[in-house]
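**Student:** my questions are about this predicted structure, shown below with the sequence.
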Amino acid sequence: MKKEKKHRLLVQVAIITIIIFVITLGFMIYNNYTVTKESYLESKQELIDRDLNYIRDELKSFSYIDWIIGYLEEHPDTLTRPLTEEEEALKNSQEYDEFYYRLMIDHAVDIIHSGETEQFLIARELGMIVALLFETLYDMNQSRIYMIDIIDDHESIYFMDDDTALALDNSFYKRDIPGVEKTGNEQFLTRISYPASEHSAVKDILSGRYDGKNDETFYEVYHDPEDNKDYYIGYLPFDDQEGKVLGYLCLEYDWTSFRTDLINKMKSSALMGLGVLILINGLLVTYMYRKAISPVQKVTTGVRDYMKDKNSSAVSEKMSRIKTKNEIGVLAHSFSDLATEIERYTDEVQKLSNDKARIAAELDLATRIQASMLPSIFPAFPDRDEFDLYASMTPAKEVGGDFYDFFLIDDDHLGLVIADVSGKGIPAAMFMMFSKNIIANNAMLGKSPARAITDANISICANNSEEMFVTVWLGILEISTGHLVAANAGHEYPILKQGDGQFELFKDKHGMPVGGMDIAKYKEYELWLKPGDKLFVYTDGVAEATDADEKMFGTDRILETLNRNQTANPEEMLRSIKADVVAFVKDAEQFDDLTMLALEYKGKGAKNGK
């Protein structure tokens, strides 16, 4: 159980980094997939535009292309049937050869006024030329090519079977090809269902988007249920010289195979990224353990050992092994100095015969050590004009359990802390010092207030054999915007003045005091400070200051004092509160520590004294 508690922070850091890396990796893979897909489709569009325009130009170069399209429209099933004996005889006759020559070469015959049989045979011949053109393009790019005919309410097309090319060559050029039986009844066109309702691009064309004045190609991705594949399809309208749409040319590319290859590549990238993720996360966790977890454990062990044997030399030797230069290293060295100072002063007071003098010396040491732990130089940040703050702590005894703290997390974020440790005297002061550094260290790591208090609570609960606790209010101010994010762990309500209004209690949400239970969770809230807004936080020693008649000063008197002089700066605010408390309690003994912190937000561009 103890081992789990020691490494709980390490596990949390590992989980958070894994989540961040996985989200980042997923985003990168998705973005790569999208970019590659779009690039592929753009390249295919260029090929489709080129090939479709080539086919259309070749078709329009035929003298009788308009007639053959019209013939297909009027006789949709005629060209798909076998030749009759009479048609076969006419096709192989000298008379037909002369007719074909005069029509196709000399253009001396009007095909429209020819006989039905001649028209049928010529339509087959011209259809073969068109089919061969389609087959040539198929051989170039291995893509399915269709010619869509306007019949049956745009719900049928004619297309060439891929396996009929050799037979077409055999029939049209009238030459023998090994392995191909010449029957004279080869079919080169087949009618299939092609409902426009299933094809978005066809619906766009039929809805009137094509006006016959441009060469726009329409595109769609279509799933073919027959072969269970997806195709990227381009449609190019085919019109006559008068702009009338005769049909549509259609070119398909297999999208399924490319998508499968792309997904496989993404899987490989994901596996590689996962490996890198594991490596980076391992290095990060190792670094966190060496720079944060292990030093904190050493400080904790040193504190426990010192509490047992009071051997400052052993503590100093252990603390000297902590080489980190962050706040944990400062805490270790501070504790080492504290142990050394306590032992030195203990040796001095032992030489005194007067117990009272010895105790006074110890308390004086603790007072000075405690005072040195709190920021006491004002103005605290003389080069910052965006805000003004002031804080003070008056212990009820020589040492107290209250503390305040403020620090710059970075150039644009100011941390503010006020807290109240349970108990009084030196134990409270030591617990206060330990808690102060743990809370500040978590905030300086860039954590949110709720996260910083949660992690500090876990660390303190793991080393809290005396079962002490501390109430905490932690706020982080974004200096450039006045955005304040805060969390309250069982502390007093803050007092806020915004705009031209008065000072009022801000009843925020409270969590459990830090050190009570390691499973406690904390919530945070947001405030937006504008130039001139003021914030006042305090410990319960101010509101609960008691006079000789056991009457408390109360929050109403605090608000009355603050509102009496609303233009006061933070230092004047604290002095007026303390003066009113002293006047109220008179000769009564101070019951609790008086700790206060005030902030005035001036905003960007403010000048000192304004």
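**Tutor:** Structure's in. What do you need? All values reported here derive from a predicted model rather than from experimental measurement.

**Student:** Tyr390 is in what secondary structure piece?
**Tutor:** Taking DSSP states H and E as the criterion, Tyr390 maps to strand 387-394.

**Student:** just checking, what packs against the helix or strand following that strand?
**Tutor:** Counting by DSSP H and E, the next helix or strand C-terminal to strand 387-394 is strand 402-410. Counting contacts by 3 or more C-beta pairs under 8 Å, 6 or more residues apart in numbering; DSSP states H and E, strand 402-410 packs against strand 387-394, strand 413-421, helix 425-444, strand 594-601. In short, each C-beta sits where N, CA and C put it, glycine included.

**Student:** so the last one versus strand 413-421, what angle?
**Tutor:** Computed with axes from the mean of the first three to the mean of the last three C-alpha atoms, to 10 degrees, the direction of strand 594-601 lies at 160 degrees from that of strand 413-421.

**Student:** sheet-wise, list the partners of strand 594-601 with their directions.
**Tutor:** Here strand 594-601 has these sheet partners by DSSP bridges: strand 387-394 (antiparallel), strand 534-538 (antiparallel).

**Student:** average pLDDT across the longest one?
**Tutor:** Which is strand 387-394. What strand 387-394 shows for mean pLDDT is 92.

**Student:** what comes up buried for it?
**Tutor:** By neighbour count on 16 or more other C-beta atoms under 10 Å, the buried set for strand 387-394 is 387-394.

**Student:** got the angle between it and helix 425-444?
**Tutor:** Using the same axes, to 10 degrees, strand 387-394 lies at 160 degrees relative to helix 425-444.

**Student:** contacts for strand 387-394?
**Tutor:** With contact meaning C-beta atoms under 8 Å, 6 or more residues apart in numbering, strand 387-394 is reached by 374-375, 378-380, 400, 402-404, 406, 414, 416, 418, 477, 479, 569-571, 573-574, 578, 590, 593-602.

**Student:** hmm, try it at 6 Å
**Tutor:** 378, 402, 404, 569-571, 574, 594-602 (C-beta atoms under 6 Å, 6 or more residues apart in numbering).

**Student:** out of those residues, grab the one that's most surrounded.
**Tutor:** Asp402 (30 neighbours; other C-beta atoms under 10 Å).

**Student:** residues in contact with it?
**Tutor:** Here Asp402 is in contact with 393, 420, 539, 593, 595 (C-beta under 6 Å, 6+ apart).

**Student:** if we go to 7 Å?
**Tutor:** 393, 419-420, 539, 541, 593, 595 (C-beta atoms under 7 Å, 6 or more residues apart in numbering).

**Student:** beta partners for it?
**Tutor:** Asp420.

**Student:** chain center to stretch 591-610, what's the gap?
**Tutor:** Its chain's average C-alpha position is 36 Å from that of stretch 591-610, according to C-alpha atoms, centre = their mean, to the nearest Å.

**Student:** quick one: average pLDDT of it?
**Tutor:** 77.

**Student:** identify the farthest-apart pair in the buried residues of strand 387-394.
**Tutor:** Pairwise distances across the buried residues of strand 387-394 peak at 23.7 Å for Phe387 and Thr394 (criterion: C-beta to C-beta).

**Student:** tell me, which helix in the protein spans the most residues?
**Tutor:** Determined from DSSP state H, the single longest helix within the chain is helix 8-60.

**Student:** so how far is that helix off the chain centroid?
**Tutor:** For helix 8-60, the distance to the chain centre is 18 Å (C-alpha atoms, centre = their mean).

**Student:** same check on stretch 64-78?
**Tutor:** 59 Å.

**Student:** list the buried residues in that stretch.
**Tutor:** 64-69, 71-72, 76.

**Student:** need the max-distance pair from these.
**Tutor:** Tyr64 and Pro76 (18.2 Å).

**Student:** hmm, back to that, okay, the angle between the longest helix of the chain and helix 425-444?
**Tutor:** Using the same axes, to 10 degrees: helix 8-60 against helix 425-444 is 10 degrees.

**Student:** other SSEs contacting helix 8-60?
**Tutor:** Counting contacts by 3 or more C-beta pairs under 7 Å, 6 or more residues apart in numbering; DSSP states H and E, helix 8-60 packs against helix 116-141, strand 229-239, strand 245-254, helix 255-288, helix 449-462.

**Student:** burial count for Glu216?
**Tutor:** 14.

**Student:** so it, which of the three states?
**Tutor:** With DSSP: H, G, I helix; E, B strand; the rest coil as the basis, Glu216 sits in coil.

**Student:** do you know the pLDDT at it?
**Tutor:** The model reports Glu216 with a pLDDT of 75.
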